[in-house]
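Peer 1: quick one, what's the 3D model for this:
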Amino acid sequence: AKDPANTQALAAGANALAFVGEDERARDWIDRALLLDPDNIVTRYNLACALACQLNERERAIEVLGPYFQQVVSVAQIK
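Peer 2: Just a heads-up that it's a prediction; the model follows:
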């Protein structure tokens, strides 16, 4: 609430919302995070986790990860 533009908080919140079954709200938070900071690869990674693991939206998770893999500079970032 103190920083509504904090995309890491939005990603964590999206994961939490999805975990407790608030799927539609989780999707809203994912969309908001992507709008606020589309170039943040850490946020994209965490949002993809929510999509793939909690919401069973693997295709969208891959879409979200596309820019992540374009910016990865080391194999260590993928592990």
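
Peer 1: is Gly13 part of a helix or strand, or is it coil?
Peer 2: Classification of Gly13 using DSSP: H, G, I helix; E, B strand; the rest coil returns helix.

Peer 1: what about the residue nearest to Ala48 when sequence neighbours are not counted, which helix or strand?
Peer 2: Setting aside the residues directly before and after it, Ala48 is nearest to Ala61 in space (CB to CB, 6 or more residues apart in numbering), at 4.2 Å. To be clear about C-beta, it is placed using only N, CA and C from the backbone, and glycine gets the same treatment. Using DSSP states H and E, Ala61 sits within helix 58-71.

Peer 1: and that helix, what's buried?
Peer 2: Residues of helix 58-71 classed as buried by neighbour count (16 or more other CB atoms under 10 Å): Arg60, Ala61, Val64, Leu65, Tyr68.

Peer 1: next one: stretch 17-36
Peer 2: Within stretch 17-36, the residues that count as buried by 16+ other CB under 10 Å are Leu17, Ala18, Ala26, Arg27, Trp29, Ile30, Arg32, Ala33, Leu34.
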